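S.K.: Curious how this folds, go ahead:
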Amino acid sequence: MNKNIKLSLVLILTLILLPPAILDVKRLSQRVIMYVKMQTDKNSSIEYEQNQLTTRYYDFFGWRRKEFHGSNININDDGFRTHSNTNINDAEILVFGGSTIWGTGVSDQSTVPAHIEKIIGRPTFNMGETAFTAQQNLNLLIKAISNGAKPKIVIFYDGVNDVGHKCRVESDGFATFQEHQFRRIIEEKTSLNTSYIFKIIQPSIEAFLKGITTLLYSLELRRQDASDAALPRSSFFNCNSDDRKVNKVVTNFVSVWAAAKQVCDANGIKFIPILQPLAYVGKPNIDNRPEVKSDVILKSQYDAIYPKIRKSLHEHKFDFFDLSNALDGVKNIYIDFCHLNDRGNKIIADSIKNIVN
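M.R.: Take a look at the predicted model:
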């Protein structure tokens, strides 16, 4: 091997190995700072634990968190957040949804499913996952039933992600918000695998491939975040100006709920579909969240979609429960535009108790 080739290999390996090292130093300092904060602040402790979570890929519904055990957040080996000893196959109630059901910003015992179990007194299991849409919940429901789950009640708590993610400019109105990111990473990795230089150095870096892929994903998300920060807010979403896309989002949402009901009916399960509340529907008091009140672009997406979802469901004579106004006038419960604190989640659980009964 001549001198130039050796030099090239050293340079390539340096470029591969140096960024993770730099990244690890930054992450370590961030963790130390967060650890100091969490000693005196429970909310910081929850945030610290959330920042430690990692995800695993699954066909048909995309992702779930990996197993984790902390003071505030506990996730079993199947990727489900737990608040009691109830397991999925023993639960009478399965609650599906996105991060509002999973419980972003609150402890295990303060999630909506945890409150439902305490209030109603029936074994309840948290099926929620961050960023999940109704389509992903349907696929997860089918998997759960196929694996032996026999709930008496299935709750779908949807709306926020089907609008917030599918109304993004890069979405076609059907896919998850991460589709374009996954696609780019896979294509870049495929290109790397087929290159001549990679074939030469493959034996030397085989052990690092997993780490490299993780790094690429992390850097891609950071690049996307940096790119987003430089754009005007109106560049993120387009449902407020694209009627065809609005119709696609609404049609998909209603069709998924109809399919979920058919699955439940076929298995003797009571299906409870709930259109969830958020800061931009109904008349919530969000004076404590000026940054939410000022986001007129995001609000316009829900203004474009929510009324048409209701209209379509009524036209199809589809029974559903609208909790859009469940939080009207209540102060200091939103921690952002859709996630609630413990008190807010308990109010939602009380509303669901009335529906179940």
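
S.K.: and after the lowest-mean-pLDDT helix or strand in the chain, which helix or strand comes next?
M.R.: Least confident helix or strand, the chain: helix 209-229 with a mean of 46, by mean pLDDT, DSSP states H and E. Per DSSP states H and E, helix 209-229 leads on to helix 243-266 as the next helix or strand towards the C-terminus.

S.K.: what's in contact with the following helix or strand past that following helix?
M.R.: Next helix or strand after helix 243-266 toward the C-terminus (DSSP H and E): strand 270-275. The contact list for strand 270-275 (Cβ atoms under 8 Å, 6 or more residues apart in numbering) reads 152-159, 257, 260-261, 264-265, 306, 309-310, 318-324, 352, 355-356. All C-beta spots, glycine's among them, are computed from the backbone N, C-alpha and C.

S.K.: what comes up buried for the helix or strand just after strand 270-275?
M.R.: Where DSSP H and E defines the elements, the next helix or strand beyond strand 270-275 is helix 290-293. For helix 290-293, burial by neighbour count (16 or more other Cβ atoms under 10 Å) applies to Val292.

S.K.: With only the CA atoms kept, save helix 290-293 in CSV.
M.R.: C-alpha atoms of helix 290-293 as CSV (Å, rounded to 0.1, in the frame of the first residue of the first chain):
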residue,chain,number,x,y,z
PRO,A,290,-47.2,33.4,25.4
GLU,A,291,-45.0,31.6,22.9
VAL,A,292,-48.0,29.2,22.2
LYS,A,293,-50.5,32.1,21.8
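
S.K.: for it, what is the average pLDDT?
M.R.: Averaged across helix 290-293, pLDDT comes to 95.

S.K.: Just want the angle from the following helix or strand past that helix to strand 270-275.
M.R.: Following helix 290-293 in sequence order, the next helix or strand is helix 296-315 (DSSP H and E). On the basis of axes from the mean of the first three to the mean of the last three Cα atoms, to 10 degrees, helix 296-315 is oriented at 140 degrees to strand 270-275.

S.K.: Report the strands that pair with the very next helix or strand once past helix 296-315, each with its relative direction.
M.R.: The element immediately downstream of helix 296-315 (helix or strand, assigned by DSSP H and E) is strand 321-322. Strand 321-322 sits in its sheet next to strand 270-275 (parallel), going by DSSP bridges.

S.K.: in the strand it pairs with, what counts as buried?
M.R.: By neighbour count on 16+ other Cβ under 10 Å, the buried set for strand 270-275 is Phe271, Ile272, Pro273, Ile274, Leu275.

S.K.: Between which two of those residues is the distance greatest?
M.R.: Across those, the longest distance by Cβ to Cβ is 13.9 Å; it joins Phe271 and Leu275.

S.K.: Drop anything exposed from the contacts of strand 270-275.
M.R.: Buried by 16+ other Cβ under 10 Å: 153-159, 257, 260-261, 264, 306, 309, 320-324, 352, 356, out of the contacts of strand 270-275.

S.K.: Can you tell me how far Thr55 is from Gln135?
M.R.: With distances taken as Cβ to Cβ, to the nearest Å, Thr55 is found 18 Å from Gln135.

S.K.: make that Gly282, sorry
M.R.: Look at Gly282 and Gln135: by Cβ to Cβ, they are 25 Å apart.

S.K.: and what of Thr86?
M.R.: Taken as Cβ to Cβ, the span from Thr86 to Gln135 is 26 Å.

S.K.: So between those two, which is more surrounded?
M.R.: The residue with more neighbours, out of Thr86 and Gln135, is Gln135; 24 against 18, by other Cβ atoms under 10 Å.

S.K.: Just to check, the more buried one is in contact with Asn252?
M.R.: Yes: in this structure, Gln135 is within contact of Asn252 by Cβ atoms under 8 Å, at 6.9 Å.

S.K.: what residues do these two have in common as contacts?
M.R.: Common contacts of Gln135 and Asn252 (Cβ under 8 Å, 6+ apart): Phe174.

S.K.: Contact partners for Asn341?
M.R.: Counting by Cβ under 8 Å, 6+ apart, Asn341 has contacts Gly105, Val106, Ser110, Asn332, Ile333, Tyr334, Ile335.

S.K.: what about the first one, how many neighbours?
M.R.: This points to Gly105. Other residues within reach of Gly105, judged by other Cβ under 10 Å, total 18.

S.K.: That one falls within a strand, correct?
M.R.: No: using DSSP: H, G, I helix; E, B strand; the rest coil, the secondary structure at Gly105 is coil, not a strand.

S.K.: Go ahead and confirm it touches Ile46.
M.R.: Yes: judged on Cβ under 8 Å, Gly105 makes contact with Ile46 at a distance of 6.5 Å.

S.K.: What ranges does the stretch 1-150 of the chain have for its strands?
M.R.: Taking DSSP state E, counting those that start in this stretch, the strands of the stretch 1-150 of the chain run over residues 55-58, 62-65, 68-69, 74-75, 93-97, 124-126.
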